[in-house]
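Novice: sequence and predicted structure, then a few things I'm wondering about:
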Amino acid sequence: MTVGSVNFHLLRPEAKQHVRRIDVLRLTDFRVAMSGQVSSQIADAMTSLGLAQVLLFDLNPEDTMLAFLRGLVLAAFPLLFVGPLAGLLADRFERRQLLVRGQLLRAALTIGAIAAAITSNPTIGYLTFGFLLLTTRVLYTVRATSIPRLVAPYQLVAADSVSLLLSMIAGFVGVSIAAGLELLDVRFVFAVAIALHVASSKWYSRIGVLLGGGPELQPHADDVAVTTKSRDWRAALTQLQHPKVRFSIASSGAGKLLLGISYACVALVVDSRFNVEATGYAAVFGVAGAGTFLGTLTAERVIERMPRKSVSVLAAAMSSFAVACVLVADLFPVAMAAVAVASFGFQNVRVCNDAAVQSNVASATLGRVFAAYDVVYNLSFVAGAALGLIVGTNLGYERVLAACVVGYAALALAASLSGSGEPLPTRSKVSPASVQRLASSTLRVSNTTLPFIAEATDAGSTFANSDHSVSTTSASAPKHAPMDVSA
């Protein structure tokens, strides 16, 4: 279907280049950055579990729903107040130094958790928890805006997929370690977390390429020499008007809002119909995690074969059908399957949209644009979950779930009719062999190349239009046309 500038095609005319995760992990600086990320996120999970046990349960026992709502309110504060600041910091200061010093700051803040455990003072614990949440949002934005400097443009979906998979694995490992150490003494949990934050800082200090930010010149196809003079909010607002960025923000925000409502209402359904109380909430988020994990695994394969718009349309349509099944079938497995399907579909959309924003925004303003995208994404989920719990409790979850079915269907229709900035798909007349010969003859810059040499030579490379200074020597030779991650 093609209507003027609006086009919808279920599949790509030809498959895009497949990038294996192992090829991305062979890039030295990307591997080092992921080591720093894993160390940090294991520490985050350990500290979160330790503080949650002390603050939400030991010192303030209460019913499940009230504890859940309190957690949503606490999570909303860093999103509201630090999200925009995080983007500004990622643009104004050198990102590698922000990661190095930020992890040391988090190690120092975690000492407050030990103090809270020793003194049983909830005020110290809440302050520590709050500041750790704030720094988490800042460092997340810095990490996300650094990835385009560590990989080539066609590797972004695979790189984002690896980063998200490692995040989930790190969270599981951190919770498992913390659960074991809590049996001895909760202070051991915080002590190990401090050591891991310090180790993360050391890992980030070993990254050899420039990650952007600060006063450096950014060679970019759209602005050959971007200086600090252009790094203002007006430039960021201009980037937000990019069709692909606008579509990413709208589709992710709407999808996450409906997902939050669905999670909350399905939890209420499980609690009401099957009388499992707190176990129902845990089951919903456990199954959601499994669906999210599977969606992260499949995202790179999906985007190779489908345009990003098709991914958004199919994800919304599948979710609409899955939520409708909950209304029809009074079965616990059906409710869990609906959560898994909705989570799976949305995660494919999220990975594709992350890569689209990263690859279509100039490095000088990427921090603020990605922060805006991230704030909309997360606040939509918080608002959706709170709305689902409150409205579902007062008006009945069946009505809210029915509204979700209609909402997902409307999102699918809107996504199919809206313009996403994608070019009309045409079959390439260049053979894969020609593409491979061209790629082989292109000057490539090693990850170990000195930064100033990399900047000078990268402008003439195949991937100069995305201001990445990366190694592509370890990537497998393309078997298909290079992948446009944002299409």
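Specialist: Arrived safely.

Novice: I'd say L181 and V175 touch.
Specialist: No - counting by Cβ atoms under 8 Å, L181 does not reach V175; the two are 10.9 Å apart. (Glycine included, C-beta is placed from N, CA and C.)

Novice: and R206, how many neighbours?
Specialist: R206 has 14 neighbouring residues, counting by other Cβ atoms under 10 Å.

Novice: give the contact list for it.
Specialist: V32 (Cβ atoms under 8 Å, 6 or more residues apart in numbering).

Novice: returning to that earlier point: more neighbours, L181 and V175?
Specialist: L181 (20 against 15).

Novice: helix, strand, or coil at that one?
Specialist: helix (DSSP: H, G, I helix; E, B strand; the rest coil).

Novice: cool, and G212?
Specialist: Under three-state DSSP, G212 comes out as coil.

Novice: what's near enough to touch it?
Specialist: E94, R95, T145, S146, P148, R149, Q218, S363, A364, L366, D467.

Novice: okay, the first one: pLDDT?
Specialist: E94 is assigned a predicted lDDT (pLDDT) of 93.

Novice: excluding chain neighbours, what is closest to it?
Specialist: Spatial nearest neighbour of E94, chain neighbours left out: G214 (3.9 Å); criterion: Cβ to Cβ, 6 or more residues apart in numbering.

Novice: re the thing from before, so which of the contacts of G212 are in helices?
Specialist: Among the contacts of G212, the members found in helices (DSSP state H) are R95, T145, S146, S363, A364, L366.

Novice: neighbours of the last one, how many?
Specialist: Per other Cβ under 10 Å, the neighbour tally for L366 reads 30.

Novice: restricting to C-alpha, output the host helix or strand of R187 in CSV.
Specialist: Element membership for R187, per DSSP states H and E: helix 186-205. Presented in CSV, the C-alpha positions along helix 186-205 are these (Å, rounded to 0.1, in the frame of the first residue of the first chain):
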residue,chain,number,x,y,z
VAL,A,186,22.5,-7.2,53.9
ARG,A,187,25.6,-5.0,54.3
PHE,A,188,27.6,-7.6,52.3
VAL,A,189,25.2,-6.9,49.4
PHE,A,190,26.1,-3.2,49.4
ALA,A,191,29.8,-3.8,49.9
VAL,A,192,30.0,-6.1,46.8
ALA,A,193,28.0,-3.5,44.8
ILE,A,194,30.5,-0.8,45.7
ALA,A,195,33.3,-3.0,44.4
LEU,A,196,31.5,-3.6,41.2
HIS,A,197,30.8,0.1,40.6
VAL,A,198,34.6,0.7,41.0
ALA,A,199,35.3,-2.1,38.6
SER,A,200,32.9,-0.6,36.1
SER,A,201,34.7,2.7,36.2
LYS,A,202,37.9,0.9,35.4
TRP,A,203,36.4,-0.8,32.5
TYR,A,204,35.0,2.5,31.0
SER,A,205,38.4,4.1,31.4
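
Novice: so where is the stretch 351-487 of the chain shaky, pLDDT-wise?
Specialist: Applying pLDDT under 70 to the stretch 351-487 of the chain flags residues 419-487.

Novice: below-threshold pLDDT in the stretch 1-150 of the chain: ranges please.
Specialist: 1-8, 15, 56-80.
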